[in-house]
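[1] Just to be clear, the model below is a prediction. Sequence and coordinates:
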Amino acid sequence: MSSRVRWMVFIFALGAVVADAQMQGRWVRLAPLPETNEEWDSAVVNGKLYLFGGNPVAVGGKQGAPPGLVLEYDSAADRWTKKKNMPQPAHHNAVVGYNGKIYVFGGAVQRKPGGPTQYPIDNSWEYDPVPDSWRALAPMPLGRMAAAAAEWQGKIYVIGGAGPWPGLENEPLGGESPHRIVDANHMYDPATNTWQPRQTLPTPRTHMFVGAVNGRIYVIGGRVGSMQVVTGSTTDLVEEYDIAADRWGAVKLRMPTPRDGGTVGVYQGRIYVAGGQSITAINNSVSRALEAYDPATNTWASLPTMQLARHGQGGGVIGNRFHVVGGHITAAFSGGEPLNVPVHDAFEFAR
């Protein structure tokens, strides 16, 4: 094959890649966050994105308090507004929107100034964005942090997370402190303010991506073994929960890029996972990956990568845009607070 023909083949292939990316969509830069932080928890209701929490990085041996921030993004105006803080500042909450309200479960708190912030709680809250008000709900059956929540047909499922062993409830999680990664799967009914246990998660994990599609909940990636990023293990497992049958099915096709601590959105029956982090014996990194899981075909697709790799970001889908907001640009909190970023990008799906 001549050099000229080889170049023509290369240019044609490159053009096909660019065209394919354009068919998938494009990244756009939007209004930055008014305050930087990481470990945001998020939900979309009434066409607006809400971020909750934040988790300070210890500096000089002293640990700051979780700020309990609440930030609202109005996509129509491309504008952020600071709302009333969480009544109990916590981080690593499980958050989900339903029927115009946002439900915030568990998380971890600081019990005394300058002390550890890894005390899991069982508190449940309902946030109403219209009056900017909070209402306490029935507590979870189990205190935990770094769990995930998904809603389907008016019921909310809180899955996984990390909590203390019985008898060690007064010990913070983290470091070498004994703790457990839980397999709990509890259903909350907002209509009756009650909890019910459901079939347990096959692979206990934290910091996972969760999405509900067609009556099933998909638990994707996350961290196993330990809550701590430096001692736990990132997984690529994808597990499917049949809500009506209350049954976990066969393991699905593994995610292409194992990671935890990123953000997730559901759009037109597909689950999109963005960013996150992974630490192994030979790797310490944050991710730029944007990948989509299609439950109907049990397949994964790779999309144009994020403009800035990070973990601990918030986000969600509004219209035809998947927003990815804030976060920390190195793994395991290295670099401290200066490496929290206000960057707000959105992947705009091709129409």
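    In hand now; what should we look at?
[2] ok, for the residue most central in space within the chain, nearest residue in space, not its chain neighbours?
    Residue closest to the mean C-alpha point of the chain, counted by C-alpha atoms, centre = their mean, is T263 at 3.9 Å. Of all residues not flanking T263 in the chain, G315 sits nearest, at 3.9 Å (C-beta to C-beta, 6 or more residues apart in numbering). Heads up, the C-betas are built off the backbone N, CA and C, glycines and all.
[3] burial of Y293, as a residue count?
    Neighbours of Y293 under the rule other C-beta atoms under 10 Å: 25.
[4] For it, list the residues it contacts.
    The contact partners of Y293, by C-beta atoms under 8 Å, 6 or more residues apart in numbering, come to 211, 218, 220, 238, 252-253, 255, 270-271, 273, 299-300.
[5] Filter those down to just the ones in helices.
    Using DSSP state H, no member of these sits in helices.
[6] Take these and write them to CSV, including distance to L51, pLDDT and neighbour count.
    Converted to CSV, the contacts of Y293 look like this (distance: C-beta to C-beta, whole Å; pLDDT from 0 to 100; neighbours: other C-beta atoms under 10 Å):
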residue, distance to L51, pLDDT, neighbour count
G211, 18, 98, 22
Y218, 23, 98, 21
I220, 21, 98, 27
V238, 26, 98, 22
K252, 29, 93, 18
L253, 31, 95, 13
M255, 24, 97, 21
R270, 23, 98, 19
I271, 20, 98, 23
V273, 18, 98, 27
T299, 31, 98, 12
W300, 27, 98, 20
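[7] so which of the residues you listed comes closest to G54?
    V273 (21.5 Å; C-beta to C-beta).
[8] What score does the closest residue in space to that closest one that isn't next to it in sequence have for pLDDT?
    In space, and not counting its chain neighbours, V273 is closest to F209: 4.5 Å by C-beta to C-beta, 6+ apart. Reading off the confidence values, F209 has pLDDT 98.
[9] does F209 really touch G222, like I thought?
    Yes - using C-beta atoms under 8 Å, F209 is in contact with G222, at 7.2 Å.
[10] Neighbour count: these two, which is higher?
    Using other C-beta under 10 Å, the more surrounded residue of F209 and G222 is G222, with 29 against 26.
[11] before we move on, the earlier item: who are the contact partners of the residue nearest to the centre of the chain?
    T263 neighbours (C-beta under 8 Å, 6+ apart): 42, 209, 273-275, 313-316, 324-325.
[12] which of those lies closest to L33?
    L33 lies nearest to V325 out of the contacts of T263, by C-beta to C-beta, at 6.2 Å.
[13] Just list the residues touching that closest one, thanks.
    So V325 contacts 33, 40, 42, 49, 51, 73, 263, 313-315, 343-345 (C-beta under 8 Å, 6+ apart).
[14] ok, and the most crowded of those residues?
    Neighbour max across these (other C-beta under 10 Å) = Q313, 32 neighbours.
[15] So that residue is in contact with G327, correct?
    Yes - at 3.2 Å, Q313 and G327 qualify as touching, with contact defined as C-beta under 8 Å.
[16] Which residues are in contact with each of the two?
    Common neighbours of Q313 and G327 are listed as 38, 40, 275 (criterion: C-beta under 8 Å, 6+ apart).
[17] which ones are touching the closest residue to P197 other than its chain neighbours?
    Of all residues not flanking P197 in the chain, H186 sits nearest, at 5.8 Å (C-beta to C-beta, 6+ apart). Applying C-beta under 8 Å, 6+ apart to H186 gives the contacts 140-142, 157-158, 195-198.
[18] Repeat that for Q196.
    186-187, 189.
[19] Which helix or which strand is home to it?
    For Q196, the enclosing helix or strand under DSSP states H and E is strand 194-197.
[20] about what we covered before: filter the shared contacts of Q313 and G327 down to the ones in strands?
    Residues of the shared contacts of Q313 and G327 located in strands (DSSP state E): W40.
[21] and the shared contacts of Q313 and G327 as CSV, adding distance to T203 and pLDDT?
    Converted to CSV, the shared contacts of Q313 and G327 look like this (distance: C-beta to C-beta, whole Å; pLDDT from 0 to 100):
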residue, distance to T203, pLDDT
E38, 25, 90
W40, 25, 97
G275, 21, 97
